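K.L.:
only the shape, not the letters, is given here:
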Ligand SMILES: O=C1C[C@@](O)(C(=O)O)C[C@@H](O)[C@@H]1O
């Protein structure tokens, strides 16, 4: 039984693109991450009805990756929370909330704290205060805490592996940590060692540097996590 869940981001920019997704391509995924930030805002709620219907056999993570954290959308706190609150009617399994960029959002979504993946993304570096950030996020007692950072050197990757293991031993399996780019690829398949409980893999296109294609990811996790 695989330990690490595989999340696959989808980034449709039109209704037709949603209708054309081939579900067979996603069979090995556990979670579908809808990257809402790619969808034209006037189509978000029409798209939601289609996505929750089409991917009803998967767990669904809602993510608005804002421009503040490497995403495609400039958005106010009020609008960020409004969209996420409106989409609650589809009963998503998980909701990504950018903790440091939208500090008011968590309190405004507190009724669904058990669905929240509290997140932090840094596409420039692995910040020296990452452990402090993770500890601060952990205190909010959300379902998961997720960071995706950009390593500049090998020791950044090794440090992230160690930080993840240490926090998991101390606070339990609730951390999702990723070092992006090719340099960081090891962190995407090391959950069996570090305790990082999800990984993100790609179908058709990657939503971040270093993502491994879903079929390869599935084979790698089977190799690392399933008893011979
Ligand atoms: O936070 C993450 C992780 C990610 O950035 C990655 O590196 O695979 C991909 C994003 O879509 C997702 O929201």
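P.N.:
Perfect, I can see it now. Everything numeric in this text was worked out from a predicted model, so none of it was measured. Residues are numbered from 1 along each chain as shown.
K.L.:
and the longest helix for the protein?
P.N.:
helix 154-171 (DSSP state H).
K.L.:
which is the next helix or strand following it?
P.N.:
strand 175-179 (DSSP states H and E).
K.L.:
can you tell me what sits against that next one?
P.N.:
Residues from elsewhere that reach strand 175-179 (Cβ atoms under 8 Å, 6 or more residues apart in numbering): 117, 126, 134, 138, 144-151, 156-157, 160, 163-164, 167-168, 184, 186-188, 194-200, 208, 210. C-betas here are computed from N, CA, C, even on glycine.
K.L.:
contact residues of the chain facing the ligand?
P.N.:
9, 33, 35, 63, 65, 96, 119, 121, 146, 148, 178, 180, 200, 207-208, 211 (Cβ under 6 Å from any ligand atom).
K.L.:
which of those residues fall in strands?
P.N.:
With strands defined by DSSP state E, the entries of the residues of the chain next to the ligand inside them are 9, 33, 35, 63, 96, 119, 121, 146, 148, 178, 200.
K.L.:
and those residues, which are buried?
P.N.:
9, 33, 35, 63, 96, 119, 121, 146, 148, 178, 200 (16 or more other Cβ atoms under 10 Å).
K.L.:
in the chain, which spans are strands?
P.N.:
Going by DSSP E, the chain shows strands at 5-10, 31-35, 59-63, 94-98, 116-122, 144-149, 175-179, 198-202, 212-213.
K.L.:
what is the nearest of the ones in strands among the residues of the chain next to the ligand to residue 226?
P.N.:
Checking these against residue 226 with Cβ to Cβ, the nearest one is residue 200 at 20.1 Å.
K.L.:
ok, now which ones touch that closest one?
P.N.:
By Cβ under 8 Å, 6+ apart, the contact list for residue 200 reads 6-9, 33, 178, 188, 207-208, 211.
K.L.:
any chance of those in CSV, plus pLDDT?
P.N.:
Formatted as CSV, these follow (pLDDT from 0 to 100):
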residue, pLDDT
6, 98
7, 98
8, 98
9, 98
33, 98
178, 98
188, 98
207, 93
208, 96
211, 98
